[in-house]
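In: Predicted model follows, preceded by the sequence.
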Amino acid sequence: MFPTEPAAVNNGFSALLKNRGFMLLWIGQLFSQLGDKIFFVLMVALLENYQPPTGLAQNSMYSILMLAFTLPAILFGSAGGIFVDRFSKKLVLTVSNYIQTVLMLFIAFLPRDFFMLLLLTFGVSTLAQFFTPAQQAAIPVLVRRENFMAANAVYSTTMMGSLIVGFAIGEPILTLAKDWLGARYGQEIVVGVLYLLSGLAVQLVNLGPENELSPRESPTLINPWADFKAGLGYITKNPLILNAMLQLTTLYCVFAALMVLTIRLAADFGLKDKQFGFFLAAAGVGMVFGAAILGHWGDKLHHKPLPLMGFLIMSLVLGVFTFTHNLILALGLSAFLGVGAALIGVPMQTLIQQRTPPTMHGKVFGFQNHIVNIALSAPLAITGPLTDMLGLRIVLVAMSIIVAGVGIWAWKNTRGVLQDVI
(Lines give C-alpha, C1' and ligand atoms only; values in the text may rest on other atoms or scores of the structure.)
Protein backbone atom coordinates (compact mmCIF):
# COMPACT_ATOMS: atom_id res chain seq x y z
CA MET A 1 0.00 0.00 0.00
CA PHE A 2 1.54 3.28 -1.13
CA PRO A 3 0.63 6.60 0.49
CA THR A 4 -1.53 9.03 -1.43
CA GLU A 5 0.85 11.99 -1.34
CA PRO A 6 2.14 13.66 -4.52
CA ALA A 7 5.01 11.83 -6.15
CA ALA A 8 7.25 14.87 -6.10
CA VAL A 9 9.58 15.28 -3.16
CA ASN A 10 7.57 17.38 -0.72
CA ASN A 11 8.34 16.93 2.92
CA GLY A 12 7.01 18.40 6.14
CA PHE A 13 3.67 20.01 6.81
CA SER A 14 3.21 21.15 3.21
CA ALA A 15 3.03 17.52 2.09
CA LEU A 16 0.49 16.68 4.78
CA LEU A 17 -1.73 19.60 3.80
CA LYS A 18 -1.90 18.14 0.29
CA ASN A 19 -2.57 14.63 1.59
CA ARG A 20 -6.37 14.40 1.60
CA GLY A 21 -6.47 11.08 3.41
CA PHE A 22 -4.25 12.22 6.26
CA MET A 23 -6.13 15.50 6.70
CA LEU A 24 -9.45 13.65 6.93
CA LEU A 25 -7.93 11.24 9.43
CA TRP A 26 -6.64 14.18 11.47
CA ILE A 27 -10.06 15.87 11.44
CA GLY A 28 -11.54 12.59 12.65
CA GLN A 29 -8.97 12.45 15.46
CA LEU A 30 -9.70 16.05 16.45
CA PHE A 31 -13.46 15.52 16.72
CA SER A 32 -13.10 12.14 18.45
CA GLN A 33 -10.66 13.27 21.10
CA LEU A 34 -12.56 16.47 21.82
CA GLY A 35 -15.65 14.31 22.14
CA ASP A 36 -13.88 12.06 24.66
CA LYS A 37 -12.76 14.96 26.85
CA ILE A 38 -16.08 16.84 26.74
CA PHE A 39 -17.89 13.55 27.40
CA PHE A 40 -15.90 13.22 30.63
CA VAL A 41 -16.99 16.71 31.70
CA LEU A 42 -20.58 15.88 30.73
CA MET A 43 -20.71 12.75 32.86
CA VAL A 44 -19.71 14.72 35.94
CA ALA A 45 -22.29 17.41 35.16
CA LEU A 46 -25.09 14.91 34.55
CA LEU A 47 -24.84 13.41 38.01
CA GLU A 48 -26.81 16.38 39.32
CA ASN A 49 -29.83 14.93 37.52
CA TYR A 50 -29.48 11.40 38.91
CA GLN A 51 -30.75 10.27 42.28
CA PRO A 52 -28.32 8.15 44.30
CA PRO A 53 -29.35 4.50 44.59
CA THR A 54 -30.39 3.37 48.03
CA GLY A 55 -27.43 3.29 50.41
CA LEU A 56 -25.07 5.13 48.05
CA ALA A 57 -23.80 8.63 48.87
CA GLN A 58 -23.43 11.40 46.28
CA ASN A 59 -19.62 11.44 46.54
CA SER A 60 -19.54 7.69 45.98
CA MET A 61 -21.50 8.20 42.76
CA TYR A 62 -18.72 10.42 41.42
CA SER A 63 -16.06 7.87 42.33
CA ILE A 64 -17.95 4.99 40.71
CA LEU A 65 -18.57 7.04 37.59
CA MET A 66 -14.85 7.87 37.30
CA LEU A 67 -14.11 4.17 37.63
CA ALA A 68 -16.56 3.34 34.83
CA PHE A 69 -14.82 5.91 32.63
CA THR A 70 -11.22 4.91 33.35
CA LEU A 71 -11.51 1.14 33.78
CA PRO A 72 -11.90 0.38 30.02
CA ALA A 73 -8.54 2.02 29.36
CA ILE A 74 -6.91 -0.47 31.72
CA LEU A 75 -8.95 -3.51 30.67
CA PHE A 76 -9.15 -2.97 26.91
CA GLY A 77 -6.21 -0.70 26.07
CA SER A 78 -4.56 -3.51 24.12
CA ALA A 79 -7.72 -5.19 22.82
CA GLY A 80 -8.38 -2.45 20.29
CA GLY A 81 -5.02 -3.06 18.66
CA ILE A 82 -5.75 -6.77 18.30
CA PHE A 83 -8.87 -5.95 16.28
CA VAL A 84 -6.92 -3.47 14.14
CA ASP A 85 -4.62 -6.28 12.99
CA ARG A 86 -7.58 -8.54 12.17
CA PHE A 87 -10.11 -6.15 10.63
CA SER A 88 -10.15 -3.10 8.40
CA LYS A 89 -8.73 -0.03 10.15
CA LYS A 90 -11.39 2.09 8.51
CA LEU A 91 -14.12 -0.22 9.77
CA VAL A 92 -12.79 -0.04 13.33
CA LEU A 93 -12.51 3.76 13.18
CA THR A 94 -15.96 4.44 11.77
CA VAL A 95 -17.94 1.81 13.66
CA SER A 96 -16.50 2.87 17.02
CA ASN A 97 -17.50 6.48 16.37
CA TYR A 98 -20.99 5.63 15.12
CA ILE A 99 -21.73 3.39 18.11
CA GLN A 100 -20.52 6.14 20.43
CA THR A 101 -23.01 8.48 18.75
CA VAL A 102 -25.84 6.01 19.36
CA LEU A 103 -24.84 5.56 23.00
CA MET A 104 -24.94 9.34 23.49
CA LEU A 105 -28.52 9.33 22.18
CA PHE A 106 -29.34 6.58 24.67
CA ILE A 107 -27.98 8.74 27.49
CA ALA A 108 -30.12 11.64 26.30
CA PHE A 109 -33.45 9.84 25.89
CA LEU A 110 -33.41 6.77 28.14
CA PRO A 111 -34.77 7.07 31.71
CA ARG A 112 -32.28 8.65 34.11
CA ASP A 113 -31.06 5.60 35.98
CA PHE A 114 -27.62 5.70 37.58
CA PHE A 115 -26.71 2.12 36.75
CA MET A 116 -27.76 2.68 33.12
CA LEU A 117 -25.49 5.74 33.05
CA LEU A 118 -22.60 3.65 34.34
CA LEU A 119 -23.16 1.03 31.64
CA LEU A 120 -23.33 3.60 28.84
CA THR A 121 -20.27 5.46 30.17
CA PHE A 122 -18.35 2.19 30.24
CA GLY A 123 -19.42 1.51 26.64
CA VAL A 124 -18.41 4.92 25.27
CA SER A 125 -15.03 4.75 27.01
CA THR A 126 -14.43 1.19 25.79
CA LEU A 127 -15.01 2.18 22.16
CA ALA A 128 -12.41 4.94 22.50
CA GLN A 129 -9.81 2.22 23.11
CA PHE A 130 -10.40 0.94 19.57
CA PHE A 131 -10.18 4.30 17.79
CA THR A 132 -6.69 5.31 18.98
CA PRO A 133 -4.63 2.27 17.84
CA ALA A 134 -6.57 2.11 14.57
CA GLN A 135 -5.68 5.71 13.83
CA GLN A 136 -2.01 5.21 14.69
CA ALA A 137 -1.89 2.17 12.42
CA ALA A 138 -3.51 4.15 9.58
CA ILE A 139 -0.84 6.88 9.55
CA PRO A 140 1.91 4.70 7.96
CA VAL A 141 -0.59 3.67 5.27
CA LEU A 142 -1.41 7.25 4.33
CA VAL A 143 1.91 9.02 4.85
CA ARG A 144 5.27 8.50 3.18
CA ARG A 145 8.12 7.39 5.42
CA GLU A 146 10.03 10.66 5.04
CA ASN A 147 7.00 12.54 6.40
CA PHE A 148 6.43 10.38 9.49
CA MET A 149 8.03 13.03 11.70
CA ALA A 150 5.64 15.74 10.48
CA ALA A 151 2.62 13.43 10.73
CA ASN A 152 3.48 12.46 14.29
CA ALA A 153 4.05 16.10 15.17
CA VAL A 154 0.45 16.76 14.18
CA TYR A 155 -0.80 13.60 15.89
CA SER A 156 1.04 14.21 19.17
CA THR A 157 0.07 17.87 19.31
CA THR A 158 -3.57 17.04 18.72
CA MET A 159 -3.54 14.32 21.36
CA MET A 160 -1.92 16.46 24.04
CA GLY A 161 -3.80 19.56 22.91
CA SER A 162 -7.16 17.85 23.26
CA LEU A 163 -6.14 16.70 26.74
CA ILE A 164 -5.36 20.29 27.71
CA VAL A 165 -7.97 22.23 25.72
CA GLY A 166 -10.81 19.71 25.84
CA PHE A 167 -11.30 19.95 29.59
CA ALA A 168 -11.03 23.75 29.44
CA ILE A 169 -13.69 24.26 26.77
CA GLY A 170 -15.93 21.39 27.88
CA GLU A 171 -17.95 23.35 30.43
CA PRO A 172 -18.56 26.44 28.21
CA ILE A 173 -19.60 24.28 25.25
CA LEU A 174 -21.97 22.20 27.38
CA THR A 175 -23.47 25.36 28.88
CA LEU A 176 -24.15 26.78 25.40
CA ALA A 177 -25.65 23.47 24.30
CA LYS A 178 -27.89 23.45 27.35
CA ASP A 179 -29.10 26.97 26.61
CA TRP A 180 -29.60 26.54 22.87
CA LEU A 181 -30.83 22.95 22.56
CA GLY A 182 -32.48 22.42 25.92
CA ALA A 183 -31.47 21.10 29.29
CA ARG A 184 -33.07 17.70 28.69
CA TYR A 185 -30.85 16.48 25.86
CA GLY A 186 -28.82 19.39 24.42
CA GLN A 187 -25.49 18.51 26.02
CA GLU A 188 -25.66 14.85 25.01
CA ILE A 189 -26.54 15.80 21.43
CA VAL A 190 -23.48 18.04 21.09
CA VAL A 191 -21.10 15.28 22.23
CA GLY A 192 -22.87 12.79 19.98
CA VAL A 193 -22.44 15.14 17.01
CA LEU A 194 -18.68 15.32 17.67
CA TYR A 195 -18.45 11.54 17.46
CA LEU A 196 -20.66 11.52 14.35
CA LEU A 197 -18.47 14.12 12.60
CA SER A 198 -15.41 12.05 13.43
CA GLY A 199 -16.97 8.96 11.88
CA LEU A 200 -18.02 10.86 8.75
CA ALA A 201 -14.54 12.31 8.28
CA VAL A 202 -12.87 8.91 8.56
CA GLN A 203 -15.52 7.40 6.26
CA LEU A 204 -14.09 9.53 3.44
CA VAL A 205 -10.53 8.25 3.93
CA ASN A 206 -9.30 5.82 1.28
CA LEU A 207 -7.08 3.22 2.96
CA GLY A 208 -7.24 0.78 0.06
CA PRO A 209 -7.27 -3.01 0.56
CA GLU A 210 -6.28 -3.80 4.13
CA ASN A 211 -5.35 -6.64 6.42
CA GLU A 212 -5.06 -9.49 3.94
CA LEU A 213 -4.88 -12.46 6.32
CA SER A 214 -3.94 -16.01 5.68
CA PRO A 215 -6.66 -18.62 6.38
CA ARG A 216 -5.15 -19.59 9.73
CA GLU A 217 -5.27 -15.88 10.75
CA SER A 218 -8.90 -15.37 9.83
CA PRO A 219 -10.99 -13.17 12.16
CA THR A 220 -12.94 -16.21 13.37
CA LEU A 221 -9.80 -17.52 15.06
CA ILE A 222 -9.07 -14.44 17.18
CA ASN A 223 -7.26 -15.34 20.39
CA PRO A 224 -6.91 -12.06 22.35
CA TRP A 225 -4.53 -13.48 24.93
CA ALA A 226 -2.25 -15.02 22.31
CA ASP A 227 -2.25 -11.79 20.30
CA PHE A 228 -1.50 -9.76 23.43
CA LYS A 229 1.46 -12.02 24.25
CA ALA A 230 2.66 -11.78 20.64
CA GLY A 231 2.63 -7.99 20.79
CA LEU A 232 4.29 -7.87 24.19
CA GLY A 233 6.90 -10.39 23.06
CA TYR A 234 7.70 -8.34 19.96
CA ILE A 235 8.13 -5.16 22.01
CA THR A 236 10.35 -6.77 24.66
CA LYS A 237 12.58 -8.29 21.97
CA ASN A 238 13.04 -4.91 20.25
CA PRO A 239 14.95 -2.60 22.64
CA LEU A 240 14.41 0.47 20.46
CA ILE A 241 10.62 0.17 20.56
CA LEU A 242 10.60 -0.74 24.24
CA ASN A 243 12.82 2.22 25.07
CA ALA A 244 10.65 4.59 23.01
CA MET A 245 7.55 3.43 24.87
CA LEU A 246 9.23 3.90 28.23
CA GLN A 247 10.11 7.47 27.26
CA LEU A 248 6.55 8.16 26.07
CA THR A 249 5.20 6.69 29.30
CA THR A 250 7.42 9.01 31.35
CA LEU A 251 6.27 11.97 29.28
CA TYR A 252 2.58 11.26 29.84
CA CYS A 253 3.17 10.64 33.54
CA VAL A 254 4.71 14.09 33.85
CA PHE A 255 1.81 15.78 32.08
CA ALA A 256 -0.76 13.91 34.14
CA ALA A 257 1.00 14.95 37.34
CA LEU A 258 1.14 18.55 36.13
CA MET A 259 -2.63 18.57 35.68
CA VAL A 260 -2.84 18.16 39.47
CA LEU A 261 0.15 20.30 40.44
CA THR A 262 -0.92 23.33 38.40
CA ILE A 263 -3.97 23.71 40.61
CA ARG A 264 -1.60 24.33 43.53
CA LEU A 265 0.70 26.44 41.35
CA ALA A 266 -2.20 28.70 40.40
CA ALA A 267 -2.74 29.62 44.05
CA ASP A 268 0.99 30.35 44.51
CA PHE A 269 0.86 32.85 41.65
CA GLY A 270 -2.28 34.60 42.89
CA LEU A 271 -4.65 32.94 40.45
CA LYS A 272 -7.97 31.25 41.17
CA ASP A 273 -8.03 27.47 41.27
CA LYS A 274 -10.12 27.44 38.09
CA GLN A 275 -7.37 29.35 36.25
CA PHE A 276 -4.85 26.50 36.49
CA GLY A 277 -5.56 25.91 32.81
CA PHE A 278 -3.35 28.91 31.94
CA PHE A 279 -0.25 26.83 32.68
CA LEU A 280 -1.51 23.85 30.70
CA ALA A 281 -2.51 26.09 27.80
CA ALA A 282 0.99 27.62 27.77
CA ALA A 283 2.47 24.11 27.70
CA GLY A 284 0.16 23.32 24.79
CA VAL A 285 1.43 26.37 22.89
CA GLY A 286 4.98 25.20 23.50
CA MET A 287 4.13 21.75 22.19
CA VAL A 288 2.65 23.24 19.03
CA PHE A 289 5.80 25.33 18.54
CA GLY A 290 8.10 22.36 19.16
CA ALA A 291 6.07 20.09 16.89
CA ALA A 292 6.11 22.76 14.17
CA ILE A 293 9.90 22.89 14.33
CA LEU A 294 10.18 19.11 14.06
CA GLY A 295 7.53 18.83 11.38
CA HIS A 296 9.09 21.49 9.17
CA TRP A 297 12.81 20.95 9.79
CA GLY A 298 12.79 17.38 11.08
CA ASP A 299 14.87 16.17 8.13
CA LYS A 300 17.65 18.58 9.16
CA LEU A 301 17.66 17.40 12.79
CA HIS A 302 18.70 13.80 12.20
CA HIS A 303 21.41 12.41 14.47
CA LYS A 304 20.58 14.96 17.17
CA PRO A 305 19.80 13.77 20.72
CA LEU A 306 16.27 15.17 20.55
CA PRO A 307 14.71 13.03 23.33
CA LEU A 308 17.63 13.71 25.68
CA MET A 309 17.31 17.44 25.00
CA GLY A 310 13.57 17.19 25.67
CA PHE A 311 14.00 15.45 29.02
CA LEU A 312 16.66 17.91 30.15
CA ILE A 313 14.44 20.86 29.18
CA MET A 314 11.51 19.42 31.14
CA SER A 315 13.77 18.68 34.12
CA LEU A 316 15.12 22.24 34.09
CA VAL A 317 11.64 23.75 33.98
CA LEU A 318 10.33 21.58 36.81
CA GLY A 319 13.29 22.52 38.98
CA VAL A 320 13.14 26.25 38.23
CA PHE A 321 9.38 26.35 38.85
CA THR A 322 9.99 25.99 42.57
CA PHE A 323 11.95 29.27 42.69
CA THR A 324 9.75 31.32 40.35
CA HIS A 325 7.34 33.95 41.62
CA ASN A 326 6.60 35.92 38.45
CA LEU A 327 3.49 34.80 36.55
CA ILE A 328 4.76 35.80 33.09
CA LEU A 329 8.00 33.92 33.67
CA ALA A 330 6.05 30.89 34.92
CA LEU A 331 3.91 30.86 31.77
CA GLY A 332 7.05 31.14 29.66
CA LEU A 333 8.56 28.21 31.51
CA SER A 334 5.38 26.21 30.87
CA ALA A 335 5.70 26.90 27.15
CA PHE A 336 9.37 25.86 27.26
CA LEU A 337 8.32 22.63 28.97
CA GLY A 338 5.90 22.02 26.08
CA VAL A 339 8.77 22.38 23.60
CA GLY A 340 10.71 19.76 25.55
CA ALA A 341 7.69 17.44 25.50
CA ALA A 342 7.48 17.73 21.71
CA LEU A 343 11.17 16.80 21.38
CA ILE A 344 10.37 13.55 23.18
CA GLY A 345 6.91 12.62 21.95
CA VAL A 346 7.26 13.26 18.22
CA PRO A 347 10.56 11.42 17.56
CA MET A 348 9.63 8.48 19.79
CA GLN A 349 6.24 8.01 18.11
CA THR A 350 7.94 8.24 14.72
CA LEU A 351 10.49 5.63 15.78
CA ILE A 352 7.77 3.19 16.83
CA GLN A 353 6.03 3.56 13.48
CA GLN A 354 9.23 3.18 11.49
CA ARG A 355 10.38 0.04 13.30
CA THR A 356 7.02 -1.77 13.53
CA PRO A 357 6.00 -4.02 10.59
CA PRO A 358 2.43 -3.58 9.27
CA THR A 359 1.38 -6.98 10.60
CA MET A 360 2.20 -5.84 14.14
CA HIS A 361 0.84 -2.28 13.98
CA GLY A 362 -2.37 -3.01 15.85
CA LYS A 363 -0.77 -5.09 18.61
CA VAL A 364 2.05 -2.60 19.22
CA PHE A 365 -0.13 0.51 19.09
CA GLY A 366 -2.77 -1.19 21.19
CA PHE A 367 -0.19 -1.97 23.85
CA GLN A 368 1.09 1.60 23.63
CA ASN A 369 -2.44 2.90 24.10
CA HIS A 370 -2.71 0.65 27.14
CA ILE A 371 0.39 1.91 28.91
CA VAL A 372 -0.33 5.55 28.00
CA ASN A 373 -3.76 5.27 29.61
CA ILE A 374 -2.20 3.84 32.75
CA ALA A 375 0.47 6.56 32.65
CA LEU A 376 -2.25 9.20 32.56
CA SER A 377 -4.32 7.60 35.32
CA ALA A 378 -1.79 6.62 38.00
CA PRO A 379 -0.23 10.09 38.59
CA LEU A 380 -3.70 11.63 38.88
CA ALA A 381 -4.34 9.34 41.84
CA ILE A 382 -1.04 9.74 43.72
CA THR A 383 0.19 13.27 42.95
CA GLY A 384 -2.36 15.03 45.16
CA PRO A 385 -1.68 12.96 48.30
CA LEU A 386 2.09 13.20 47.76
CA THR A 387 1.86 16.99 47.46
CA ASP A 388 -0.19 17.20 50.64
CA MET A 389 2.32 15.00 52.44
CA LEU A 390 5.64 16.39 51.15
CA GLY A 391 4.82 19.83 49.81
CA LEU A 392 4.74 21.25 46.28
CA ARG A 393 8.44 22.18 46.12
CA ILE A 394 9.70 18.74 47.11
CA VAL A 395 7.40 17.01 44.62
CA LEU A 396 8.54 19.29 41.76
CA VAL A 397 12.23 18.83 42.59
CA ALA A 398 11.77 15.05 42.82
CA MET A 399 10.02 15.04 39.43
CA SER A 400 12.86 17.12 37.99
CA ILE A 401 15.47 14.60 39.16
CA ILE A 402 13.45 11.60 37.94
CA VAL A 403 12.82 13.13 34.51
CA ALA A 404 16.51 13.96 34.02
CA GLY A 405 17.51 10.50 35.18
CA VAL A 406 15.12 8.75 32.79
CA GLY A 407 16.30 10.88 29.88
CA ILE A 408 20.00 10.25 30.50
CA TRP A 409 19.46 6.53 31.14
CA ALA A 410 17.34 6.08 28.01
CA TRP A 411 19.79 7.91 25.75
CA LYS A 412 22.80 6.11 27.19
CA ASN A 413 21.18 2.74 26.50
CA THR A 414 20.19 3.42 22.90
CA ARG A 415 22.27 6.27 21.52
CA GLY A 416 24.38 3.93 19.41
CA VAL A 417 21.42 2.99 17.24
CA LEU A 418 18.93 5.75 17.98
CA GLN A 419 21.02 8.35 16.17
CA ASP A 420 20.58 6.38 12.96
CA VAL A 421 16.78 6.32 12.97
CA ILE A 422 15.61 9.73 14.23
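Out: Yep, it's here. All of these numbers come straight from a predicted model, not from anything done at the bench.

In: shaky segments in the stretch 201-350 of the chain?
Out: Applying pLDDT under 70 to the stretch 201-350 of the chain flags the ranges 210-224, 272-277, 296-304.

In: quick one: the helices in it?
Out: 224-236, 239-268, 277-297, 306-321, 327-354 (DSSP state H, counting those that start in this stretch).

In: Take these and lay them out in CSV including distance to Asn97.
Out: C-beta: built from backbone N, CA, C; applies to glycine. As requested, the helices of the stretch 201-350 of the chain are exported to CSV (distance: least, Cβ to Cβ, whole Å):
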stretch, distance to Asn97
helix 224-236, 22
helix 239-268, 23
helix 277-297, 24
helix 306-321, 32
helix 327-354, 22
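
In: for those, which one sits closest to Val406?
Out: For Val406, the closest of the helices of the stretch 201-350 of the chain is helix 239-268, at 4.9 Å, according to Cβ to Cβ.

In: Would you mark the buried spots in the closest one?
Out: Neighbour-count burial for helix 239-268, counted by 16 or more other Cβ atoms under 10 Å, picks out 240-266.

In: just checking, what packs against it?
Out: helix 224-236, helix 277-297, helix 306-321, helix 327-354, helix 361-390, helix 392-418 (3 or more Cβ pairs under 8 Å, 6 or more residues apart in numbering; DSSP states H and E).

In: Distance to Leu16 and mean neighbour count added to those, as TSV?
Out: Formatted as TSV, the helices and strands packed on helix 239-268 follow (distance: least, Cβ to Cβ, whole Å; neighbours: other Cβ atoms under 10 Å):
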stretch	distance to Leu16	mean neighbour count
helix 224-236	28	15
helix 277-297	8	22
helix 306-321	20	23
helix 327-354	13	23
helix 361-390	19	20
helix 392-418	24	17
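
In: Of those, which is nearest Ser63?
Out: Ser63 lies closest, by Cβ to Cβ, to one member of the helices and strands packed on helix 239-268: helix 361-390, at 11.4 Å.

In: longest helix of this structure?
Out: Counting by DSSP state H, the longest helix found in the chain is helix 148-181.

In: other SSEs contacting that one?
Out: Here helix 148-181 touches helix 13-17, helix 20-46, helix 114-142, helix 186-203, helix 277-297, helix 327-354, going by 3+ Cβ pairs under 8 Å, 6+ apart.

In: again, only this time at 10 Å
Out: Contacting helix 148-181 under the criterion 3 or more Cβ pairs under 10 Å, 6 or more residues apart in numbering; DSSP states H and E are the following elements: helix 13-17, helix 20-46, helix 114-142, helix 186-203, helix 239-268, helix 277-297, helix 327-354.

In: Looking at these, spot the one closest to Gly366.
Out: Closest approach to Gly366 among those is made by helix 114-142 (4.3 Å; Cβ to Cβ).
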